[in-house]
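*Asks:* task: produce atomic coordinates for the following.
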Amino acid sequence: MLLDVAGQGAYCYSGGKPFDARLPTAVFIHGAQNDHSVWTLQSRYFAHHGFNVLAVDLPGHGRSAGAALPTVEAIAAWLLALLDAAGVERALLIGHSMGSLVALEAAARLAGSAGRVIGLAMLGTTYPMKVSDALLSMAGDDQGAAIDLINIWSHARANLLQPQNPAAPLAGVSTMGVARRLMERMAARNPQQLLLTDFSACNAYAGGEAAAQALRCPVLFIFGSRDMMTPARSTTLLTSAVAAVTTTRVLQVDAGHALMAEQSDAVLDALFKFATSLR
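*Replies:* So this is what the prediction gives:
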């Protein structure tokens, strides 16, 4: 599904179903140097079980045109314009990592529009979402090395003798390999230091606490118990700020930062249970 946002093409995966304005819309927002495909299982299930789906490619990522936007605030404004272009009346915003900050900011901006955002799900999130100076420098100077390092940090390191290795839950599939190749493909499609732009946006975002305090919709947090990028222990400021103003649920799954791939069924079950409770 291709929409026009500010005169440029914005791609959204719809799960193979046409948009139906009568249905609530699950909006899936990816993280740094990713695209809509990180949500393939979850988005397709939602589309075939009573929801519209817009799994977006952010500007400069995947099939969406334009340069990558430099701030979380700018990406959130773009997302709101996309919802208007699609005619979304009731949205469940679901974001991972950088996308979780975008979802948070967008939900806060729509807090005064009663019923427009029916729920917010934040996965692999924290606030502030600081990125180390060393990783920022590496993202700018040696993107390939940064991609390798991020993939090591993003996946749980399990004993290969366990019946199920969270780093490769499907036989013959390497989630680390898939994730690395996706990031490499994004780099090839957009050579303008995409990773540095995304990481800089996360690092600079300073509006998270105010956005959390503005929320009026139910919120679900899903964390990876072995996440080294956004460890659950770092999330107290955000979860406390949200819990002070609205209904909050918190779930941990046995995964690293790439929890949608490492524990795809558990993430889907949690998201769909939350979504159906909002109807």
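*Asks:* quick one, strands of this structure?
*Replies:* Along the chain, the segments classed as strands by DSSP state E run 2-5, 8-13, 25-29, 52-56, 91-96, 117-123, 219-224, 248-253.
*Asks:* the ones you listed: which one's closest to A108?
*Replies:* Taking Cβ to Cβ, strand 117-123 is the member of those nearest to A108, at 9.1 Å. Every residue, glycine included, has its C-beta placed from N, CA and C.
*Asks:* what packs against that closest one?
*Replies:* For strand 117-123, the helices and strands in contact under the criterion 3 or more Cβ pairs under 8 Å, 6 or more residues apart in numbering; DSSP states H and E are strand 91-96, helix 98-109, strand 219-224, helix 264-277.
*Asks:* need the contact list for V88.
*Replies:* Shown here is V88, whose contacts under the criterion Cβ atoms under 8 Å, 6 or more residues apart in numbering are 25, 27, 52, 54.
*Asks:* in contact with the third one, which residues?
*Replies:* This means N52. If a contact means Cβ under 8 Å, 6+ apart, then N52 has 14, 17, 19-20, 23-26, 88 as its contacts.
*Asks:* distance of it relative to E209?
*Replies:* Between N52 and E209 the distance, using Cβ to Cβ, to the nearest Å, works out to 31 Å.
*Asks:* kindly report the same for the last one.
*Replies:* When Cβ to Cβ is the yardstick, L54 and E209 sit 27 Å from each other.
*Asks:* higher neighbour count, those two?
*Replies:* More neighbours sit around L54 than around the other of L54 and E209, counting by other Cβ atoms under 10 Å; the figures are 28 against 15.
*Asks:* wait, that one touches Y11, no?
*Replies:* No. Using Cβ atoms under 8 Å, L54 is not in contact with Y11, being 9.8 Å away.
*Asks:* which residue ranges form the helices in the stretch 151-279 of the chain?
*Replies:* Listed in chain order, the helices found in the stretch 151-279 of the chain under DSSP state H, counting those that start in this stretch are 175-189, 194-204, 208-214, 236-243, 259-262, 264-277.
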